[in-house]
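Trainee: sequence unknown, structure follows:
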Ligand SMILES: CC(=O)SCCNC(=O)CCNC(=O)[C@H](O)C(C)(C)COP(=O)(O)OP(=O)(O)OC[C@H]1O[C@@H](n2cnc3c(N)ncnc32)[C@H](O)[C@@H]1OP(=O)(O)O
Ligand SMILES: CC(C)C(=O)C(=O)O
């Protein structure tokens, strides 16, 4: 590590709440030495933190170590020499006596150098001695060395004056209970126990470092040495995070703060340049994640139960206990979200998938729908042989159920609706009970993109919609299951509805048994709306890409569709908002045309009829057609002069006239060519579209007073990007509807 990395690591340890921090082996390198000097000289060590430095039992190295901490407020000198037979025989080639003598000699050196340093700089020192390889050392010999060190130090007291005997399992070579026995033996036998802090320093060679440390504490240890996330030689030192959070999950606060574990992980990984295993206890990326179905199911139920339990506890002012299956700790306590708690692959079940839908779409799917959607996700996961992300799942949900926005719309979508009620004809009126009522559905539905008006009736809104679909689209389905719940609270509350439909025409028993069904979901601020949307979602699944019969309007005797339906059809197909009297006029045209088909007319024929009746958007020009025009102000601009070229029943005519406006000028032109008089009864206009694509739609009703005295009326309609052109064309088309009497020529004029 560089000095910058060491500094960052030190600051993280301080932030976590550690009060005794072994910062360096200062004799090892200038980097270590200078880093310690930097901490002291830069005033970076909080008053309540002891820095600790490690040194072997060698005079030159002890001297450099003490020099490193000179001037610190509080420092622990940690000296070690190995005491086990293996090290005595192989590494040091020392007898037991020589091993004790080495420890005594260098403890004296530590004492002299620290006393001299204290006197000079005021640094308060503690002494820590490690009989290195303690767990491989004869228990009585370890005691013998430590008793000799204690006697040599000669100033062990209580509290902060305790000498620290650090008992290392330098290499973990035995089960944790064995180490605990060694610690217990040491604690029972060492003299002046109250003047000793028994420290445990375990490694993890057998993978039992945490267990050994915990048992060692139960056996009498006072203190633990470890590393954040278990870095260290070979398998590492015991992991402080793991130990601390084990205590935490037992309800004992370790006084260490890991509430932002990610920042700890970030420091450790970037300073050590080592990753954290994804399954590392508490800190790994996957430790709160359930992939398998049964785990997910339990976690989901756990959260649901806990929500209720906590609400009750809050109402009673009682504590809220964390008790979720498979989750020993609340991820939120470590600053983690519940986002990754459930992840989905081919081992996952319906519960986990439903949990994600609930978390991300706010939908609490009914159990049967969970089963159906689970199969959808399973098929994708199996096919693609990979983990399904939250986005994969929500997208699959949206497209399967045509839910959440135009991108996912199905072939049928609800545009608008009205639910009304009417009493059932034969329901008794003399009883006390309110009369039975039927619901009428009246709405516009886009069918493959074309907006259609449909109507139906039933016991409730859903069956009324299904009746409308049966009547108009020959889609025969019935509801088998319905449920709903609220989403959100207060004024933002919405209803979510879930509908399962089966084929129509089945009795209740058969419908219940039917193995074929389709689900739909709808969300709306209005509960009827959410139910209707859910029905249409399910219907979309049921119809698939089956061809639908062309929707028909019934305008004849006993008509189910009225003038407003016809006007709606024109509005949705041609974006024309017909004035009310125009609607009435066209309705008559439609009724006449539908006479031969028993009063039925398809939407396509209806639109075609409109186009041909009013020469609107057809390739066939109207008998009197505008070719071009020019409009100019006359005099002060009060009056207009219209110069116009017309195609008059195949003959090109160049005409002009004056009027108070464009329409009166146009009438003056027309009236100059005929006997009798044309006048305007009604004029209306509106825009179509917006922005730069906007067009004007104009509607004109003309009256023609024949020379015979007879009066006729007719409508003309046009649209154009130029509003004047639109108005003029509408006038010409209305005029085309009459059998106009040409003006009698006087002397050839
Ligand atoms: C158990 C632990 O993990 S303790 C921490 C271990 N950490 C480190 O060792 C990192 C820092 N160490 C170093 O920088 C170097 O090893 C130094 C500066 C301490 C010594 O460097 P060198 O003098 O070059 O010796 P070297 O690195 O070869 O160490 C081995 C020597 O130290 C001796 N030695 C090992 N441990 C100790 C000890 N606790 N007390 C006294 N001498 C010791 C060995 O017997 C050997 O001596 P020898 O050369 O006379 O045979
Ligand atoms: C110096 C000692 C405590 C050590 O690091 C060990 O034994 O692992």
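Mentor: Structure received. Computed from a predicted model, the values in this text were never measured in an experiment. Numbering: from 1, shown residues only. Ligands and ions are numbered 1, 2, ... in the order given.
Trainee: What count of nearby residues applies to the residue of the stretch 601-749 of the chain found nearest ligand 2?
Mentor: Nearest residue of the stretch 601-749 of the chain to ligand 2 (C-beta to the nearest ligand atom) works out as residue 691 at 74.8 Å. Where you see a C-beta, it was placed from the backbone N, CA and C, and this is true even at glycine. Using other C-beta atoms under 10 Å, residue 691 has 5 neighbouring residues.
Trainee: What is the neighbour count of the residue in the stretch 201-350 of the chain that ligand 1 sits nearest to?
Mentor: Nearest to ligand 1, among the residues of the stretch 201-350 of the chain, is residue 233, at 5.8 Å (C-beta to the nearest ligand atom). The number of residues packed near residue 233 is 10, by other C-beta under 10 Å.
Trainee: hang on, it packs against residue 205?
Mentor: No: between residue 233 and residue 205 there is no contact under C-beta atoms under 8 Å: 9.7 Å.
Trainee: what's next to stretch 383-397, contact-wise?
Mentor: The contact list for stretch 383-397 (C-beta atoms under 8 Å, 6 or more residues apart in numbering) reads 291, 339, 343-346, 348, 353, 356-357, 360-361, 373, 376-377, 380-381, 403.
Trainee: Could you turn the buried ones of these into a ChimeraX selection?
Mentor: To isolate the buried members of the contacts of stretch 383-397 in ChimeraX, using 16 or more other C-beta atoms under 10 Å:
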select :291,343,344,345,346,348,353,356,357,361,373,376,377,380,381,403
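Trainee: In helices only, show me the contacts of stretch 383-397.
Mentor: 353, 356, 357, 360, 361, 373, 376, 377, 380, 381 (DSSP state H).
Trainee: can you redo these as TSV with pLDDT?
Mentor: Output for the ones in helices among the contacts of stretch 383-397, formatted as TSV (pLDDT from 0 to 100):
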residue	pLDDT
353	93
356	92
357	95
360	93
361	95
373	96
376	95
377	94
380	92
381	88
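Trainee: Spell out which parts of the stretch 551-700 of the chain neighbour ligand 2.
Mentor: Applying the criterion C-beta under 6 Å from any ligand atom, no portion of the stretch 551-700 of the chain neighbours ligand 2.
Trainee: Flag the shaky bits of the stretch 551-700 of the chain, pLDDT-wise.
Mentor: Residue ranges of the stretch 551-700 of the chain with pLDDT under 70: 558-560, 637.
Trainee: What are the boundaries of the strands in it?
Mentor: For the stretch 551-700 of the chain, applying DSSP state E, counting those that start in this stretch gives strands covering 552-554, 600-602, 624-634, 639-648, 651-659, 674-675, 677-688, 695-705.
Trainee: Just the angle for the fourth one relative to strand 651-659, thanks.
Mentor: When you say that, I think you mean strand 639-648. Per axes from the mean of the first three to the mean of the last three C-alpha atoms, to 10 degrees, the angle that strand 639-648 makes with strand 651-659 is 160 degrees.
Trainee: so what secondary structure elements neighbour strand 639-648?
Mentor: On a contact count with 3 or more C-beta pairs under 8 Å, 6 or more residues apart in numbering; DSSP states H and E, strand 639-648 meets strand 624-634, strand 651-659, helix 662-671.
Trainee: most packed of these?
Mentor: Comparing the helices and strands packed on strand 639-648 by mean neighbour count (mean count of other C-beta atoms under 10 Å), helix 662-671 ranks first with a mean of 22.
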